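> my questions concern the predicted model and sequence given below.
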Amino acid sequence: MDGATALTNDDRYLEHHLLDVVAGQEASGGAEIFGLGVGLDLSPYYRRNL
């Protein structure tokens, strides 16, 4: 995250944006979204994750 984003928005701004974008894309049915994390639990963000 860049400094301007951090100063202008709350601490969870990018997390909330990610959740909104993924939910919108999954609801539209236009694309399947997969999250791949190395040592990270991505289940809060992606329904399909590994």
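Alright, I've got the coordinates. Here the structure is a predicted model, which is why all the values come from computation and not from measurement.
> torsion angles phi and psi at the residue positioned nearest the centre of the chain?
Ranked by distance to the mean C-alpha position of the chain (Cα atoms, centre = their mean), the top residue is Leu18 at 2.7 Å. The phi and psi torsions at Leu18 (degrees, to the nearest 10) take the values phi -60, psi -50.
> just the strands in this protein please.
Read by DSSP state E, the chain holds these strands, from start to end of the chain: 34-35, 48-49.
> looking at the ones you listed, which is nearest to Asp2?
Closest of the strands of the chain to Asp2 is strand 34-35, at 22.4 Å (criterion: Cβ to Cβ). Quick note: C-beta positions are derived from backbone N, CA and C, even for glycine.
> so for that closest one, mean pLDDT?
When pLDDT is averaged along strand 34-35, the result is 93.
> coming back round to it: so can I have a markdown table of the strands of the chain showing mean neighbour count and distance to Asp10?
Rendered in a markdown table, the data for these read as follows (neighbours: other Cβ atoms under 10 Å; distance: least, Cβ to Cβ, whole Å):
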| stretch | mean neighbour count | distance to Asp10 |
| --- | --- | --- |
| strand 34-35 | 14 | 23 |
| strand 48-49 | 14 | 25 |
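> got these as CSV, with distance to Asp2 columns?
Formatted as CSV, these follow (distance: least, Cβ to Cβ, whole Å):
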stretch, distance to Asp2
strand 34-35, 22
strand 48-49, 26
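> residues touching the residue nearest to the centre of the chain, list them.
Shown here is Leu18, whose contacts under the criterion Cβ atoms under 8 Å, 6 or more residues apart in numbering are Tyr45.
> show me where the chain has helices.
Counting by DSSP state H, residue ranges of the helices within the chain are 3-8, 13-28.
> which of the ones you listed is buried the deepest?
Scoring the helices of the chain by mean neighbour count under mean count of other Cβ atoms under 10 Å gives helix 13-28 as the most buried, with a mean of 12.
> tell me how far it is from the chain's mean position?
Counting by Cα atoms, centre = their mean, to the nearest Å, helix 13-28 is centred 6 Å from the centre of its parent chain.
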